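Participant: structure for this input, please:
(4 chains)
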There are 2 protein chains.
Amino acid sequence: MTRFLPQPSVGDIDIVTVLHALADPVRLELIRDLSRNTDPKTCAVDAYDIEISAPTLSHHWRVLREAGLTTTMVDGRKRWVEIRRDDIESRFPGLLGAILTQDPASAPVEP
Amino acid sequence: MTRFLPQPSVGDIDIVTVLHALADPVRLELIRDLSRNTDPKTCAVDAYDIEISAPTLSHHWRVLREAGLTTTMVDGRKRWVEIRRDDIESRFPGLLGAILTQDPASAPVEP
DNA sequence: TGCATACTTCGACGCTTGTCAAATAGTCTA
DNA sequence: TAGACTATTTGACAAGCGTCGAAGTATGCA
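Facilitator: Residues are numbered from 1 along each chain as shown, chains lettered A, B, ... in the order given. Presented below is the predicted three-dimensional model:
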């Protein structure tokens, strides 16, 4: 059976906690990655182009989940992460868009 | 004469640095305060309803300025802070609005 | 039952952060 | 010019964070 890991309800999502969760280059990249497709992605470290250990990735997933940014589903030995797009949008309208539209590669260059 | 303290140019404003600067309750409150009126506000600790020391406030002003969120003007013995509304809007459209419209007092309550 | 799989938790490590008191720097005014 | 005023810098401290290796916990499978 699929079960869910504990996460804050929409009303309990705190803006400072959310900003702190996003204020890390690894976590921001994970959120960007998750937001690129609507399907859940695996938690596995091999699936991401980031050079960090499995424990560290696990730690980041937990920070994101406890901040209310992601949902984690447990299915057997595998875990799936999904961005809580609608919840974040209802709590902080426009926030996710403002952060994610800003792609690092497409940043404007000063003349 | 009025002069300006050093600050990053628009193109150099980094999203992770900005998010980190905002991910502190004191600094977020300062930004909220600045955004409520368009005029610059003083740096003086007495002008804010926050129980921190003058050095600590000075430190927070610096973090905000170096992140590119504020401009600081020096006029004699006084210093004035202003939010870089247009610069932030051009760099991260919608970001400021998404964070500031979420007033702590007006947060929706879970049923 | 035994073993591989897929993460997580624990413990430890440096580095960063928020905070304050004390000292410093620049500016106005009497 | 001396002294008051405004804000910053310095130095120090405890707390927190990102990171890893090692150990632990479920789960699936043979």
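
Participant: what about the helices in chain A?
Facilitator: With helices called from DSSP state H, chain A shows them at A:15-22, A:25-36, A:54-67, A:85-91, A:95-100.

Participant: list the contacts of the shortest one.
Facilitator: Put plainly, it is helix A:95-100. Residues from elsewhere that reach helix A:95-100 (C-beta atoms under 8 Å, 6 or more residues apart in numbering or on different chains): A:18, A:22, A:28, A:31-32, A:35, A:83, A:85, A:88-89, B:15, B:19, B:92-95, B:97-99. From N, CA and C alone the C-beta is placed, and that goes for glycine too.

Participant: select, out of the helices of chain A, the one closest to residue A:6.
Facilitator: Residue A:6 lies closest to helix A:54-67 among the helices of chain A, at 8.1 Å (C-beta to C-beta).

Participant: what residues of that closest one count as buried?
Facilitator: For helix A:54-67, burial by neighbour count (16 or more other C-beta atoms under 10 Å in any protein chain shown) applies to A:57, A:60-61, A:63-65, A:67.

Participant: hmm, who's touching that helix?
Facilitator: Contacts for helix A:54-67 (C-beta under 8 Å, 6+ apart): A:5, A:7-8, A:13-14, A:17-18, A:20-21, A:24, A:26-27, A:30-31, A:43, A:45, A:48, A:50, A:52, A:70-72, A:81.

Participant: which of the contacts of helix A:95-100 are buried?
Facilitator: Neighbour counting by 16+ other C-beta under 10 Å classes A:18, A:22, A:28, A:31, A:83, A:88, B:15, B:19, B:92, B:94-95, B:97-99 among these as buried.

Participant: name the residue closest to the centre of chain A, please.
Facilitator: Residue closest to the average C-alpha location in chain A (C-alpha atoms, centre = their mean): residue A:31, at 3.7 Å.

Participant: so what's residue A:44 up against?
Facilitator: residue A:78.

Participant: now swap in residue A:90 and tell me
Facilitator: So residue A:90 contacts residue A:10 (C-beta under 8 Å, 6+ apart).

Participant: check what pLDDT it gets.
Facilitator: At residue A:90, the pLDDT value in this model is 96.

Participant: distance of it from residue A:11?
Facilitator: Distance, residue A:90 to residue A:11, using C-beta to C-beta, to the nearest Å: 10 Å.

Participant: run through chain A and note the low-pLDDT ranges.
Facilitator: A:1, A:102-111 (pLDDT under 70).

Participant: ok, residue A:100 - how many residues close by?
Facilitator: As a burial measure, residue A:100 scores 16 neighbours (other C-beta atoms under 10 Å in any protein chain shown).

Participant: over to residue A:29?
Facilitator: Other residues close to residue A:29 by other C-beta under 10 Å number 16.

Participant: roughly how far apart are the residue nearest to it when sequence neighbours are not counted and residue A:60?
Facilitator: With C-beta to C-beta, 6 or more residues apart in numbering or on different chains as the criterion, residue A:29 has its nearest non-adjacent residue at 6.7 Å, and that residue is residue A:50. According to C-beta to C-beta, residue A:50 stands 9 Å off from residue A:60.

Participant: please enumerate the shared neighbours of those two.
Facilitator: A:26, A:30.

Participant: returning to what we had before: any idea which of the helices of chain A gets closest to DNA strand C?
Facilitator: With respect to DNA strand C, and counting by C-beta to the nearest atom of the strand, the nearest of these is helix A:54-67 at 2.8 Å.

Participant: thank you, goodbye.
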